[in-house]
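A.B. asks: Fold the stuff below for me.
(chains A and B)
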Amino acid sequence: MIKKTEYPRYITDTKTTQKIDLLAWKAANIRYSYILGFFVFVLFIVIAYLIAIVSSPELAIFYIAIAMFLAIGQNIVAYWFGDDIALKVAKARPANKDEERYLVNITEAISFGTGLPMPKIYVMDSALPNAFATGRNPKHSAIAVSTGLLELLDRQELEGVIAHEMSHIKNYDILFLTMLAATVGALVIMRDLFMRSLRYGSRRSNKSDKGQIEAVVYLILIVLLILSPILGSLLHLAVSRRREYLADATAVYITRNPDGLISALEKLANFKDTSNEPINDGIRHLYFADPKSFRRQIKGAFATHPPIEERIARLKSI
Amino acid sequence: MLPLFIILGIGVGIVLVLISVYNKIIRLENRVDNAWGQIDVQLKKRNDLIPNLVETVKGYASHEKGIFEDLAKSRQAMMNAKGKEESVGAANMMQGALGRLFAIAENYPDLKASENFSVLQEELSSIENKIAYSRQFYNDAVLQYNNAIETFPGAAFAGPMNKKEQVYLEIPETERQAPKVSF
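C.D. replies: Model (predicted):
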């Protein structure tokens, strides 16, 4: 049997029957990443300016200069080291060529099928069955798989999951998602620092002349700082579910067989997490399946992934 | 002056289009070659593992002579193969022989339990899997290449560039089923 199925440029969303152009999708991911970098830049400047108004308006230029410098630094770190940070946060270690030979072999085979370079393979010592891909482009990419997933899945199922992760690499989802994780992470740290300093600082200054303006500015500042991480994750959520469906569909084209992925998803749907392993919110959206879904159902705007059942249903209709 | 510029502009435009079509054909051809290289590496790797495998199996099932002969024959064919089609023919032969060998191994629990054998089995199954995926990629590359040289404007280039249609690699029906290796 000769397979003449060309790797498709378009994938049809089986539910909305909408055609998705994979090249345009990739371009969009790169564009989103630029927009994100610009968003960080503007946000830092606005915050610096607000801080300057409150504390010392004559130093505003100086504050803004520092903010620009920090924003550029933040973007550089997010772009070049976002993958390292994500892997570190997930406590992933490089795969052992002897012990995890099986995983390395499967990934190599899938990378042959896509024509992409072989990503670096990492293993997370965790009972929660999961996997994620990160990096900035196919040449600098990594796939991390948990030991729980390796135990739960057979070869064909694992192939499906790796192909799904490989699709994220191919479509440049990894670039945007990793930069988003790094950005949201930095904003969360900033918010926490700010909240702490605010609590500490409010005990001292209590002059009432400039108080009203100050209070308003503080309020804007707090709202901005509290909202920005939430905004960041909502921005991501708006596109993430289609991203997962798309990666599922692309994975089927890579493996030319939906059964492995379907059966992997079925096993994950039935998996009940009895451990008490901490789940890091910052990288939740990177995972193959939402780690929190193993504990309780998360629905609506805050679900990082479409329900597994829905993903299975869509795969079956391909 | 203006008409001259227009003619010049059109001329430059045509040259640019010609260059891009030429480059596209070369790029797609390189992709086919690379894809084949990927398959070839795996075929050679597998060939190198065969003596080791035969040695290991002989330690437990020395009387299964037929299968050793089959393997030796296919290995020889592989080494003598010239061109893609002969290589693939030999590779399919070897794959069949390996399939039979692993079926025979089921009857020898000691062999199956040996670590050496299970490492070899994993290596060989994964090579088979890699070959399957590489072939798939190869066929995709050939399809794109063939489309490029058969349709306009590439078709006009194919003759002067001496580019011919490339053949697809047959994929045996059973091959795409993932090899069953349990751990």
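A.B. asks: Quick check: residues of the stretch 101-250 of chain A near chain B?
C.D. replies: A:101-102, A:105-106, A:108-110, A:112-115, A:154-156, A:159 (C-beta under 8 Å from any C-beta of the partner chain). Using the backbone N, CA and C atoms, a C-beta is placed for each residue, glycine as well.
A.B. asks: go with 7 Å
C.D. replies: Within the stretch 101-250 of chain A, the positions adjacent to chain B are A:101-102, A:105, A:108-110, A:112-113, A:115, A:155-156, A:159 by C-beta under 7 Å from any C-beta of the partner chain.
A.B. asks: Name the helix or strand of chain B that has the lowest mean pLDDT.
C.D. replies: helix B:154-158 (a mean of 78; mean pLDDT, DSSP states H and E).
A.B. asks: buried sites along that one?
C.D. replies: B:154, B:157-158 (16 or more other C-beta atoms under 10 Å in any protein chain shown).
A.B. asks: how about the residue nearest the centre of chain B, secondary structure?
C.D. replies: Against the mean C-alpha coordinate of chain B, by C-alpha atoms, centre = their mean, the closest residue is B:Ile39 at 3.3 Å. Following DSSP: H, G, I helix; E, B strand; the rest coil, B:Ile39 is assigned to helix.
A.B. asks: Closest one to chain A out of the buried residues of helix B:154-158, please.
C.D. replies: Distance to chain A across these (C-beta to the nearest C-beta) is lowest for B:Gly154, with 15.6 Å.
A.B. asks: Apart from its chain neighbours, what residue comes closest to that closest one?
C.D. replies: Sequence neighbours aside, B:Ala148 is the residue nearest to B:Gly154 in space, at 4.4 Å (criterion: C-beta to C-beta, 6 or more residues apart in numbering or on different chains).
A.B. asks: Helix, strand or coil: sort out the one you found for me.
C.D. replies: Secondary structure for B:Ala148, judged by three-state DSSP, is helix.
A.B. asks: residues contacting the nearest residue to B:Ala155 once chain neighbours are set aside?
C.D. replies: Distances taken as C-beta to C-beta, 6+ apart place B:Ile149 nearest to B:Ala155, at 6.4 Å, with adjacent residues excluded. Residues in contact with B:Ile149 (C-beta atoms under 7 Å, 6 or more residues apart in numbering or on different chains) are B:25, B:155, B:158, B:163, B:165.
A.B. asks: Could you report the pLDDT at B:Ile149?
C.D. replies: At B:Ile149, the model reports a pLDDT of 85.
A.B. asks: Against chain A, how distant is it?
C.D. replies: Distance check for B:Ile149 against chain A: by C-beta to the nearest C-beta, to the nearest Å, it reads 15 Å.
A.B. asks: Check B:Leu101 too.
C.D. replies: 19 Å.
A.B. asks: What of B:Arg135?
C.D. replies: For B:Arg135 relative to chain A (C-beta to the nearest C-beta), the value is 8 Å.
A.B. asks: how many other residues sit next to the closest residue to A:Gly185 other than its chain neighbours?
C.D. replies: Distances taken as C-beta to C-beta, 6+ apart place A:Gly282 nearest to A:Gly185, at 4.7 Å, with adjacent residues excluded. A count of nearby residues for A:Gly282, using other C-beta atoms under 10 Å in any protein chain shown, gives 22.
A.B. asks: tell me the contacts of A:Gly282?
C.D. replies: A:89, A:181, A:184-185.
A.B. asks: likewise B:Asn47?
C.D. replies: So B:Asn47 contacts B:75, B:78-79 (C-beta under 7 Å, 6+ apart).
A.B. asks: and which of those is nearest chain A?
C.D. replies: Using C-beta to the nearest C-beta, these come closest to chain A at B:Met78, 19.4 Å.
A.B. asks: The closest one against B:Met94, yeah?
C.D. replies: Yes - counting by C-beta atoms under 7 Å, B:Met94 is a contact partner of B:Met78 at 6.2 Å.
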